[in-house]
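Undergrad: What shape does this take:
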Amino acid sequence: MGALDEPFPGATAVAAGYLTMWELRKNYERVFPGIYVPKGLSLNAVGWAKAAAHWAKGAGIIVGCSAAAMHKTPWIDAEWAVELARPGHTKPPGRIRTVRDTIAAHECCEVDGFRVTTPARTAFDIGRRLPRDQAIPIIDALCRATQLLPREIAAVAAEHAGMRGVRQLIAMVPLIDAGAQSIQESQTRLLLIDDGLPKPTTQLAVREPHTGFVAYIDMGWKQWHVGVEYDGGQHWTDPAQHAKDIDRLATLDTLGWRIIRVSASLLYRRPHIILDRIRDALHARGAPLDD
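TA: Numbers count the residues shown, from 1 in each chain. You can find the predicted model right below:
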């Protein structure tokens with residue numbers, strides 16, 4: 001059965017002699033009916049997914065954002081309900097949301113001994129169930145974690161053309177980009193595209209003719225030497241990182257790059273400033289822009 005440092009069925013552990021009933025009650029706490037974890041253990045999204053799968057006793061498949069977490073996708077909130085595809089009408093306990101989707105055998109795989117939808121099927125379900133601006137950052141991260149390609153997601157959509165939400169998902173596919181390294185980078189990219197700007201290239205490599213590689217830019221347009229960088233909190237509060245950023249930006253400037261820096265405050269409160277700065281930079285470099 002393995003170590004008891006993650007969710008496990010209590011009755012199975014006692015029957016196998018791993019611990020006594022007294023030890024189970026003293027040292028472990030119940031998270032779902034019959035499922036226990038060590039007292040004080042804080043479960044992440046993967047831990048909650050495993051606990052829910054144990055509760056389903058092999059009759060469930062981990063799907064949606066919970067499956068994305070199992071595929072090592074970052075940023076899946078541990079507070080979100082676990083998603084399981086499970087036949088029947090048994091009412092799940094709190095923190096578990098069940099769906100009665102039929103998952104084909106080729107759309108399932110095994111992760112750490114648990115049945116999970118494949119990355120492509122996982123992205124398909126996320127894209128048809130969540131709003132676009134919530135779904136795309138998760139799918140971007142899933143693609144980055146698993147090397148999933150947008151065309152593989154489109155192929156799943158083609159197999160399930162009549163399912164609810166498929167049209168929404170198909171509209172998302174051209175916007176998916178595994179180059180995003182944070183939720184905010186995905187959101188920034190969507191902001192630019194929604195404003196009618198040319199779709200930027202992510203993780204744009206800048207090279208100096210004589211010395212070679214200089215830096216990656218979060219996103220930008222090589223032909224016009226305009227880049228966009230999302231700066232997380234550490235870029236402003238960490239002195240070493242701040243000094244490194246100054247040197248890096250100076251180098252890019254000498255190579256003719258115009259870099260527009262984006263902060264959380266600008267992205268969420270004043271996005272028009274980001275768009276104005278980018279449009280001004282692209283216009284100055286001769287990019288053809290719609291009015």
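Undergrad: Stretch 260-270: which residues count as buried?
TA: Residues 260-263, 266-267 are the ones in stretch 260-270 that count as buried (16 or more other Cβ atoms under 10 Å). Where you see a C-beta, it was placed from the backbone N, CA and C, and this is true even at glycine.
Undergrad: Just those: which are in strands?
TA: Counting by DSSP state E, the part of the buried residues of stretch 260-270 found in strands is 260-262.
Undergrad: between the buried residues of stretch 260-270, which is closest to residue 80?
TA: Sorting the buried residues of stretch 260-270 by how near they are to residue 80, with Cβ to Cβ, puts residue 267 at the top with 22.4 Å.
Undergrad: pLDDT score for that closest one?
TA: Residue 267 carries a pLDDT value of 96.
Undergrad: And it, how far from residue 278?
TA: Residue 267 is 12 Å from residue 278, where distance means Cβ to Cβ, to the nearest Å.
Undergrad: Residue 192 too?
TA: 7 Å.
Undergrad: who has more neighbours, these two?
TA: residue 278 (26 against 19; other Cβ atoms under 10 Å).
Undergrad: where does the protein dip in pLDDT?
TA: 1-3, 89, 233-242, 291 (pLDDT under 70).
Undergrad: Can you tell me the element the residue nearest the centre of the chain falls in?
TA: For the chain, the residue sitting closest to the mean C-alpha position, by Cα atoms, centre = their mean, is residue 138 at 2.9 Å. Using DSSP states H and E, the element containing residue 138 is helix 132-146.
Undergrad: How far off centre is that helix?
TA: 4 Å (Cα atoms, centre = their mean, to the nearest Å).
Undergrad: Can you spell out which helices and strands pack onto that helix?
TA: Packing partners of helix 132-146 (3 or more Cβ pairs under 8 Å, 6 or more residues apart in numbering; DSSP states H and E): helix 64-70, helix 119-129, helix 166-172, helix 183-194.
Undergrad: Can you name the next helix or strand after that helix?
TA: helix 150-159.
Undergrad: can you list contacts of that following helix?
TA: 107, 119-121, 123-124, 127, 139, 143, 166, 169-170, 173-174, 176 (Cβ atoms under 8 Å, 6 or more residues apart in numbering).
Undergrad: ok, 10 Å please
TA: 104, 106-107, 117-128, 139, 142-143, 146, 149, 163, 165-167, 169-170, 172-178 (Cβ atoms under 10 Å, 6 or more residues apart in numbering).
Undergrad: out of those residues, which are buried?
TA: 107, 117-128, 139, 142-143, 146, 165-166, 169-170, 172-173, 175-178.
Undergrad: what's the spacing between the residue nearest to the centre of the chain and residue 19?
TA: 37 Å.
Undergrad: Kindly report the same for residue 95.
TA: From residue 95 over to residue 19 (counting by Cβ to Cβ), the distance is 24 Å.
Undergrad: before we move on, what about residue 66?
TA: From residue 66 across to residue 19, the span is 27 Å (Cβ to Cβ).
Undergrad: Which one's more surrounded, the two?
TA: Under the criterion of other Cβ under 10 Å, the comparison of residue 66 against residue 19 puts residue 66 first, with 27 against 18.
Undergrad: and the more buried one, what does it touch?
TA: 45-46, 48-50, 52-53, 76, 80-84, 96-97, 116-117, 122 are the contacts of residue 66 under Cβ under 10 Å, 6+ apart.
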